[in-house]
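# what follows is a predicted protein model with its sequence.
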Amino acid sequence: MTKYRLLAVAIAMFAASRATAQRPTLAATVRQFVSVDTTIVALTHVRVIDGTGAAPRESQTLIIRDGSISALGDDGKVAIPAGALVMDLTGKSVIPGMVQVHEHLFYPTGPGIYGNLAESFTRLYLAGGVTSMRTAGNMNGYGDIAIKRSIDAGTRAGPWIDATAPYLEGPGLNLIQVRELKDAADATREVNFWADEGATSFKTYMHITRAELAAVITAAHKRGFKVTGHLCSVTYREAAELGIDNLEHGFFVATDFVTDKKPDECPGQVKGQQSVASLDPNSAAAKSLIAELVKKNVAVTSTLTVFETRTPGQPLPRGLDVLDPQLREQFEKGYAAGQANTQSLNATLFPKARALEVAFFRAGGMLLAGTDPTGGGGVIPGYSDQRELELLVESGLTPLEAIKVGTLNGATFLGRASKVGSIAVGKEADLVVLNGNPAARIVDLQNVEIVFKQGIGYDPAKLIASVKGKVGLF
Ligand SMILES: [Zn+2]
């Protein structure tokens, strides 16, 4: 903070006269990570990348007042209110806080074992620039809901959370932390139970039947909630027909192209992936499925980050130094084995699936971004959210398109675009200050200097330092 010119005058007076409408009172456990907590902040000389895909605007002044963006315009044309903390951001950019939709609050500590991380993951998401997120499935029952509530109450540092219910899954996964649905009536009952308990999002999984999925969609829509799926037993086309809102993992897990696919049966992950790996993204079959998803308004979530860690030739992920050393070693061993596997299906699957995501986007599809911090354990929140947008650019999106996917598209899907997802007067001041220009160099997303959530500025270095070497444990 000392590097910024401070012109704070009469802040106390303003703070007293203006009640903070949206901002919670922060507990000391959260305040320790805060670098800017002033009612009025003026960001000056900053490049604004607003999240809508519009060209960056240079030399802007942005005023944050009481947690919201109260003014925005060219330097010199926007009055700087008395008492504002003025931050000269020459050479820096501001983007909307990221809205990522395939996030988790658990970590794969061992085969089939998931450690629930109530503290470290939420801090890392915030440090990486994520100010809103949907958890896409949970392994902790009430955990995601309680974590969401504690963040809203100001007792825990982290993004705003759309909290999912536990996975809605039929028999076949054999994970002790996942309950198995019995039938469609059971699926309805489970949706209503978790909606009553505070879940606001529903994730269906690989072995659900069409009848159960239909029941989930009906029950969730009745309560005003959306349904996503990491599917296998149900094809993308079938799910779209049933009215699903969102499909996870791009086209990596589509079973539409498995020739001997039996209804309601998952042909196995490998068989599905083989069919995608051998698919021509320009074929009539691929185009037809994409057109159907666009027509039915089904959003598709790209989670390239989790597949990247298994793909030969892809770099070692960033952020591994935050892991508990034993877990880091475990991941690095798995990564090395993946790199050495010359027969890896991922080598052909990864480029094909990326091309399909871009084709979906170019066809007008609602592409969303997420990271899925599961897999082999190398997908680290925050770092991977930045990497996901880098991967979209490497796949063929422009940096401005990728930023939109990771901000406004997520907010639009979650029904929060009137509040967050882009930089505009009246919206909440969820903003990421970056050194550099991600519109020209997407990797500048890594240079996070401050993350504003509802106008409160968090210090990413402090958030990261608080968990270093301990992620996987808490
Ligand atoms: Zn996931």
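Yep, that arrived.

# show residues contacting stretch 332-344.
Stretch 332-344 has contacts (C-beta atoms under 8 Å, 6 or more residues apart in numbering) with 309-313, 316, 320, 346, 376-378. C-beta: built from backbone N, CA, C; applies to glycine.

# if we use 10 Å, what do you get?
For stretch 332-344, the external contacting residues (C-beta atoms under 10 Å, 6 or more residues apart in numbering) are 309-317, 320, 323, 346-347, 350, 375-378.

# now, of these, which are buried?
Buried members of the contacts of stretch 332-344, counted by 16 or more other C-beta atoms under 10 Å: 309-311, 314, 317, 320, 323, 346-347, 350, 375-378.

# report pLDDT for the nearest residue to Lys226 once chain neighbours are set aside.
Leaving aside its chain neighbours, Lys226 sits nearest to Asp245 (4.1 Å; criterion: C-beta to C-beta, 6 or more residues apart in numbering). On pLDDT, Asp245 comes in at 98.

# which ones are touching Asp245?
201-202, 217, 220-221, 225-229, 239, 296-299, 366, 413.

# residues of the protein that sit close to the ion?
Proximity of the chain to the ion is confined to 136, 372 under the rule C-beta under 5 Å from the ion.

# closest point of the chain to the ion, which residue?
Asp372 (4.1 Å; C-beta to the ion).

# which SSE is that residue in?
Secondary structure from DSSP states H and E places Asp372 outside every helix and strand.

# next, count neighbours for it.
Residues lying near Asp372 (other C-beta atoms under 10 Å) number 23.

# correct me, but it touches Arg310?
No. Look at Asp372 against Arg310 with C-beta atoms under 10 Å: they stay out of range, at 11.8 Å.

# okay, and the helix or strand of this protein with the least pLDDT?
helix 11-17 (a mean of 40; mean pLDDT, DSSP states H and E).

# and the contacts of the helix or strand just after that one?
Remark: after helix 11-17, the chain's next helix or strand is helix 28-31, criterion DSSP H and E. Contact with helix 28-31 is made by 24-25, 37, 119, 123, 126, 150-151, 153-158, 456, 458, 466, as judged by C-beta under 10 Å, 6+ apart.

# in helices, which of these fall?
123, 126, 150-151 (DSSP state H).

# show me what contacts the residue nearest to Gln269 when sequence neighbours are not counted?
Once flanking residues are discounted, Gln269 sits nearest to Cys232: 6.8 Å by C-beta to C-beta, 6+ apart. Contacts of Cys232 were listed using C-beta under 10 Å, 6+ apart, and they are 172-173, 205-208, 253-255, 258, 261, 265-269, 271-272.

# likewise Gly76?
44, 59, 61.

# filter these down to the buried ones.
44, 61.

# want to throw the contacts of Gly76 into a markdown table with secondary structure and pLDDT?
A markdown table is the format used below for the contacts of Gly76 (DSSP: H, G, I helix; E, B strand; the rest coil; pLDDT from 0 to 100):
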| residue | secondary structure | pLDDT |
| --- | --- | --- |
| Thr44 | strand | 98 |
| Ser59 | strand | 98 |
| Thr61 | strand | 98 |
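
# my read is that Thr301 contacts Arg134, right?
Yes. At 9.2 Å, Thr301 and Arg134 qualify as touching, with contact defined as C-beta under 10 Å.

# overlap in contacts of those two?
100-102, 228, 246, 368, 370, 410, 413.

# now those in CSV, with secondary structure and neighbour count?
As requested, these are exported to CSV (DSSP: H, G, I helix; E, B strand; the rest coil; neighbours: other C-beta atoms under 10 Å):
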residue, secondary structure, neighbour count
Gln100, strand, 33
Val101, strand, 28
His102, strand, 28
Thr228, strand, 28
Asn246, strand, 22
Leu368, strand, 27
Gly370, coil, 29
Gly410, helix, 32
Phe413, helix, 23
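
# name the residues of stretch 170-186 that are buried.
Applying 16+ other C-beta under 10 Å to stretch 170-186 flags 170, 173, 177-178, 181, 184, 186 as buried.

# thanks a lot, see you next time.
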